[in-house]
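In: need coordinates for the below:
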Amino acid sequence: MISVEELYNLYKKCTGVTTDSRAVVDGSMFFALKGDKFDGNDYALQALESGAKYAVVDRVSLGAESFKGHKCIVVENALKTLQMLAAHHRKQFDIPVIGVTGTNGKTTSKELISAVLSKKYRIVATKGNFNNHIGVPLTLLDINEKTQIAVVEMGASAPGEIASLVSIAAPTHGLVTSVGKAHLLGFGSFDGVKKTKGELFDYLRQSGGTAFYNADSEDICEMVGHRKGMGARAYGASLQKACIVPPTLDNPFLTVNLTLDDCPATISTKLVGAYNLDNVLAAVFIGRYFEVPLRKAIAAIEEYVPSNNRSQFVRTEKNVLIVDAYNANPTSMKASLENFSSMDFGGKTLILGDMLELGEDSLQEHKDILSLAVSVCSDIYAVGGEFKAAAGLIAESAAGITCFDNSDSLREYLVGNPLSGRTILIKGSNGMHLQGIKEVL
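Out: Got it, this is the predicted structure:
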């Protein structure tokens, strides 16, 4: 069986790494990973024929036998081998690696931090939200001799997953953006969420790294306080003397006034939602920690335009949309609803999709969110079985709620019953596919 050092020597002769046989770059190293509905081993031959220099497999498939021992590298487990290769590659670089995790805000924070640091440094950062046991290794393997800082997003849905990722990434710095009720089916409880997200802090404490934390979050302050001796640097609205300029329909985006080193500053973002304040402040603080000039940090944040249905503001011919439909959990849903409630816009309408993976707490959490929603506006479209069941529990106040089994049925309804002149918040878990509703609004 090949050693990680031997594999690394072969890797250095390649143009990069891929796990998709359809996207092979000539001279790359293909890793045959398995999914619920596919087995990459079945595509090793295709990858080699498409130009891969080597294929790392844990089963030699039909047609690839002729490459065995030459281009086909057989290992015990292709995924673990990818992770080992990435960890070995990471050790070759003495650079800051910033790990970013949290229940909410980790992707936006990662994007803003990356934008700010890019004003001074050559960086590598997680693409999109590719933050799992595959995405983290692939991000690390993008590091090269020119890289000065890496920003690595880390996601988790069960205990031990952050610990596994930090053992691969070996972060020197870390940020836990928030802790809240999400993936309770995997974590078991809110305490399980805090324990798992805190695995990043555990690593930093053990390795002598530095944690960045929000001093305004009681839960995160508690997590830091329980890890005596860990290097920690605090930011937050109270420390940065930050306040939000109330949004208007003409300027619905988050605008922040703050004071740093007795100097007042204003940041006019293209993000919607007061809940993005902490993400902005983290980016400003980390930028200053790494000596990015404040004017450049502010410019980077103001230039950032959200994508992928995160905190987006969209004007259509008929309506104004606030789209935050990439993910949802009770904490983020509550923040979105409270922010929407504070906006002085007319014709408010809610399109809410089920919050997934909440386990035995799911029905109660959906009921609580619907109870809050009816206090925000009287026109609510709820998508999914959990919201439908919850609506039945608040029948006395559910007159303004229309329930749909899925996004397709809602889309069909809206085609026949179009909305116009509304300000619409679209919020739900990605698995509810609410992003497709934008086309009929």
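In: flag the shaky bits of the chain, pLDDT-wise.
Out: Scanning the chain for pLDDT under 70 picks out the ranges 62-70, 182.
In: now with 80, please.
Out: Across the chain, residues meeting the criterion (pLDDT under 80) sit at 61-70, 180-188, 307-311, 395-399.
In: please identify the buried residues of the longest helix seen in it?
Out: What stands out as the longest helix in the chain, according to DSSP state H, is helix 190-207. Using 16 or more other CB atoms under 10 Å as the test for burial, helix 190-207 gives 190, 193-205. The C-beta positions use only the backbone N, C-alpha and C, and glycine is treated the same way.
In: cool, and stretch 250-263?
Out: Result for stretch 250-263 [16+ other CB under 10 Å]: buried residues 252-256, 258, 260.
In: got it, and stretch 79-86?
Out: Under the neighbour-count criterion of 16+ other CB under 10 Å, stretch 79-86 has 79, 81-86 buried.
In: for the stretch 151-300 of the chain, what spans make up the helices?
Out: Ranges of helices in the stretch 151-300 of the chain, per DSSP state H, counting those that start in this stretch, are 161-169, 184-187, 190-207, 218-225, 277-289, 294-303.
In: so which of these is nearest residue 382?
Out: When the helices of the stretch 151-300 of the chain are compared by CB to CB, helix 184-187 sits nearest residue 382, at 20.1 Å.
In: figure out how far the closest one is from the centre of its chain.
Out: Distance of helix 184-187 from its chain centroid, counting by CA atoms, centre = their mean, to the nearest Å, is 17 Å.
In: what helices or strands is that helix leaning on?
Out: helix 190-207 (3 or more CB pairs under 8 Å, 6 or more residues apart in numbering; DSSP states H and E).
In: go with 10 Å
Out: Contact partners of helix 184-187 among helices and strands, from 3 or more CB pairs under 10 Å, 6 or more residues apart in numbering; DSSP states H and E: helix 190-207, helix 362-376.
In: surely residue 209 and residue 173 touch.
Out: Yes - at 5.9 Å, residue 209 counts as touching residue 173 under the criterion of CB atoms under 10 Å.
In: shared neighbours, these two?
Out: Common neighbours of residue 209 and residue 173, counting by CB atoms under 10 Å, 6 or more residues apart in numbering, are 96-99, 200, 231.
In: among these, name the buried ones.
Out: By neighbour count, with 16+ other CB under 10 Å, the shared contacts of residue 209 and residue 173 hold 96-99, 200 as buried.
In: filter those down to just the ones in helices.
Out: residue 200.
In: quick check, nearest of the buried ones among the shared contacts of residue 209 and residue 173 to residue 361?
Out: Distance ranking of those against residue 361, using CB to CB, places residue 200 first at 24.5 Å.
In: need the contact list for that closest one.
Out: Taking CB under 10 Å, 6+ apart as the contact definition, residue 200 lies against 99-102, 154, 156, 162-163, 165-166, 169, 171, 173-176, 209, 211, 223.
In: and if we set it to 8 Å?
Out: Contact analysis of residue 200 by CB atoms under 8 Å, 6 or more residues apart in numbering lists 99, 101, 154, 162, 166, 171, 174, 176, 211.
In: same question for residue 86.
Out: Contact analysis of residue 86 by CB under 8 Å, 6+ apart lists 136-138, 140-141, 168.
In: quick one on the thing from earlier: just the buried residues of stretch 79-86 now: which is nearest residue 325?
Out: residue 79 (30.0 Å).
In: chain neighbours aside, what residue packs nearest to that closest one?
Out: residue 33 (5.5 Å; CB to CB, 6 or more residues apart in numbering).
In: check the gap between that neighbour and residue 238 for me.
Out: When distance is defined by CB to CB, to the nearest Å, residue 33 is 45 Å away from residue 238.
In: these two: who's more crowded?
Out: In this view residue 33 and residue 238 are compared by other CB atoms under 10 Å, and residue 33 has more residues nearby, 20 against 11.
In: break the protein down into its domains, please.
Out: With automatic domain parsing as the criterion, the domains of the chain are listed as 4-76, 93-303, 312-440.
In: the second one: how far from the chain's middle?
Out: Which is domain 93-303. In terms of CA atoms, centre = their mean, the centre of domain 93-303 is found 11 Å from the chain centre.
In: now, the shared contacts of residue 209 and residue 173 that are in strands?
Out: Judged by DSSP state E, the shared contacts of residue 209 and residue 173 include 97-99, 231 as members of strands.
In: can you give me the end-to-end span of stretch 147-155?
Out: Start to finish, the residues bounding stretch 147-155 are 23 Å apart (CA to CA, to the nearest Å).
In: contacts for stretch 221-233, please.
Out: Applying CB under 8 Å, 6+ apart, the external contacts of stretch 221-233 come out as 176, 179, 194, 197-198, 201-202, 204-205, 208-213, 215, 285, 289.
In: show the end-to-end separation of it, please.
Out: Length of stretch 221-233, first residue to last, CA to CA: 11 Å.
In: ok, so of the buried residues of stretch 79-86, who is nearest residue 402?
Out: Minimum distance to residue 402 across the buried residues of stretch 79-86 is 43.9 Å, recorded for residue 79 (CB to CB).
In: ok, that closest one - contacts?
Out: Neighbour list for residue 79: 31, 33-34, 133-134 [criterion: CB under 8 Å, 6+ apart].
In: who wins on neighbours among those?
Out: residue 31 (28 neighbours).
In: need the helices for the stretch 1-150 of the chain, in chain order.
Out: Listed in chain order, the helices of the stretch 1-150 of the chain (DSSP H, counting those that start in this stretch) span 4-11, 44-49, 78-90, 106-117, 135-140.
In: now swap in the stretch 301-441 of the chain and tell me
Out: According to DSSP H, counting those that start in this stretch, the helices that the stretch 301-441 of the chain contains are 330-342, 362-376, 385-393, 407-416.
In: centroid residue for the chain?
Out: Nearest to the geometric centre of the chain sits residue 107, at 3.4 Å (CA atoms, centre = their mean).
In: how near is it to residue 177?
Out: To residue 177, residue 107 is 9 Å away according to CB to CB.
In: what's the answer for residue 240, then?
Out: Here the distance between residue 240 and residue 177 works out to 16 Å (CB to CB).
In: so which of those two has more stuff around it?
Out: Using other CB under 10 Å, the more surrounded residue of residue 240 and residue 177 is residue 177, with 26 against 21.
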